[in-house]
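[1] 3D, please:
(one chain, ligands or ions: 1)
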Amino acid sequence: MNNLESRDGERAEEAEQSSMAASAMDGVAAAALRSVLHRVQQAAERSGRGPHQIRVVAVSKTKSVSLIREVYDSGHRCFGENYVQEIIEKAPQLPEDIEWHFIGNLQSNKVKPLLTGVPNLAVVETVDDEKIADRLDRMVATIGRKPLKVMVQVNTSGEESKSGVDPAACVELVKHVALGCPNLEFGGLMTIGMLDYTSTPENFKTLANCRSEVCKSLGITEEQCELSMGMSGDFELAIEMGSTNVRIGSTIFGAREYPKKQPK
Ligand SMILES: *Cc1c(COP(=O)(O)O)cnc(C)c1O
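    Prediction:
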């Protein structure tokens, strides 16, 4: 059986559009995305889930609007950026039905330009203290946009260079977001594993443990607390360990060190 048949709704449409694009002239990035979606599907099956239960955020930082457009035209709708300046320049040049995820370190003074510059911002994945949560909460109210979904970033590797709340302080911050920020919608937990992957499985395990504590403490189900973990080098492992949201850049768009020519 064609596994794509098991996809539903939006994903089925996405898959169909991908294969249509594949049969026509297909760009490198769109082809790479198809291959990623296939690997995601297989990893999902190994973890006893369907591919529609895992969201692929195509991380387009440093990549041109035209390359993003190519991936969009192949049917993909979810993209991620990690610099405010970059996302507010690109988003207005791209279709409004893109679901943007902000995945970078967010400073208080950038909250207003981010929210006003990207009306179709779907998620901020990187809330790591109460101050930034409060600032987002107030700005959503000020500009009158719909409630903003946020994730709490957890520093699971203990590296000082990484942003994120300490795992031990995770529940407290989640409570603040869920109970004290009426204009934010708590969506789940996010982490970046160690870059050399040596302790990545432990990092992912730590995030899953944080979710158990959060769910117990807030009285919510695991389905109400997503796990954003997994990047180009480790997304299959992350999915097998329960990830619901993988953030994939270079495997789709090519290495960032050697950017393609950037036609505007
Ligand atoms: C850049 C980035 C990614 C994507 O990294 P790749 O290894 O290129 O897939 C994922 N998450 C965050 C937070 C990033 O900054």
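[2] Get me the contact residues on the protein for the ligand.
    Contacts of the chain with the ligand, taken as C-beta under 6 Å from any ligand atom, map to 59, 61, 82, 103, 192, 231-233, 247-251. No exception for glycine: its C-beta is placed from N, CA and C like everyone else's.
[3] Kindly recompute the last result at 8 Å.
    Contact residues (C-beta under 8 Å from any ligand atom) of the chain with the ligand: 57, 59, 61, 80, 82, 103-104, 125-126, 190, 192, 231-233, 235, 247-253, 256.
[4] Tell me where the stretch 101-250 of the chain has helices.
    Listed in chain order, the helices found in the stretch 101-250 of the chain under DSSP state H, counting those that start in this stretch are 111-117, 130-143, 170-180, 200-218, 235-240, 250-253.
[5] Let me know the angle separating the third one from helix 130-143.
    Yep, that's helix 170-180 we're talking about. Angle of helix 170-180 versus helix 130-143, following axes from the mean of the first three to the mean of the last three C-alpha atoms, to 10 degrees, is 20 degrees.
[6] Let me know the average pLDDT across helix 170-180.
    Computed over helix 170-180, the mean pLDDT rounds to 98.
[7] before we move on, what about the longest one?
    The average pLDDT within helix 200-218 is 95.
[8] Tell me the buried residues in that helix?
    For helix 200-218, a neighbour-count test (16 or more other C-beta atoms under 10 Å) marks Thr200, Asn203, Phe204, Thr206, Leu207, Ala208, Cys210, Arg211, Val214, Cys215, Leu218 as buried.
[9] same thing with the first one?
    For helix 111-117, a neighbour-count test (16+ other C-beta under 10 Å) marks Val111, Leu114, Leu115, Gly117 as buried.
[10] Reformat the helices of the stretch 101-250 of the chain as a markdown table; add distance to Val65.
    Formatted as a markdown table, the helices of the stretch 101-250 of the chain follow (distance: least, C-beta to C-beta, whole Å):
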| stretch | distance to Val65 |
| --- | --- |
| helix 111-117 | 15 |
| helix 130-143 | 24 |
| helix 170-180 | 32 |
| helix 200-218 | 32 |
| helix 235-240 | 25 |
| helix 250-253 | 12 |
